[in-house]
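S.K.: Kindly generate the corresponding structure for this input.
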Amino acid sequence: MPTRATLSIVTLAFAFVLTCAAVLGAQTPDAQTPDAKPQQAMAMSGTSTDLFLMPGSDFDRPGLVPRVNLNIGIGHTFGFLKKDPIGDELTVAYTYENAGSHGFFHTDFGSHTEALGVMKNFGLPQTKVVTGYTWIQGGLTSFTGYSHVENRFYDGEALGAVIHFNDHNSIWIQESYNKIPTVPWYTTTGIGYTWSW
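M.R.: Have a look, this model is predicted:
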């Protein structure tokens, strides 16, 4: 069960990653470095690895209930799956969401989800700055704060857009439909940062 200290560490880690991303993003992209050719080869092959962080609040519906939601994960895009209709990127993610009565702040009642997913990235007409994606996830959600931990299957489907600042930095905006047995369905709107290499 995450404590205030754990949440502070997650916040500091997120701030560190954002700082590193800002420094890396500030480097001139035209500078020729010894590893420029491998990066070009990687782009041509269509593979990449994405570290994504989605901190902050979600607004769960029905009811527009604010919930603290901390999501971290990693995904890898496989070039040979580009034509696969289901997905071309496999993901692993962990999400903490407060399940208490005052949802935006941490309480003893938490929802901890570990999920595997498949994401399908696709281009949008007339732009290369914004792309779209679908994301299907399945995993295990553990509810804490009760006399015993309650484990439930988690299913999530999302539709989103990615705003690309450069080859390494982007922002995700997504709408998700989530279902956990014994819990009413709910949808969330989220925003997050991604660093790709």
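S.K.: Check what contacts stretch 173-182 and list those residues.
M.R.: 133, 135, 141, 152-161, 163, 185-192 (Cβ atoms under 8 Å, 6 or more residues apart in numbering). Quick note: C-beta positions are derived from backbone N, CA and C, even for glycine.
S.K.: how does it look with 7 Å?
M.R.: Identification of contacts with stretch 173-182 by Cβ atoms under 7 Å, 6 or more residues apart in numbering yields 141, 152-161, 185-191.
S.K.: do stretch 136-152 as well
M.R.: Residues from elsewhere that reach stretch 136-152, judged by Cβ under 7 Å, 6+ apart: 1, 93, 99, 107-118, 153-157, 180-182.
S.K.: now for whatever helix or strand Leu53 lives in, which elements pack on it?
M.R.: Applying DSSP states H and E as the criterion places Leu53 in strand 48-54. Applying 3 or more Cβ pairs under 7 Å, 6 or more residues apart in numbering; DSSP states H and E, we find strand 48-54 packed against strand 65-77, strand 183-196.
S.K.: Let's have these in TSV, adding distance to Thr127, mean pLDDT and mean neighbour count.
M.R.: Shown next, in TSV, are the helices and strands packed on strand 48-54 (distance: least, Cβ to Cβ, whole Å; pLDDT from 0 to 100; neighbours: other Cβ atoms under 10 Å):
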stretch	distance to Thr127	mean pLDDT	mean neighbour count
strand 65-77	19	83	18
strand 183-196	18	84	16
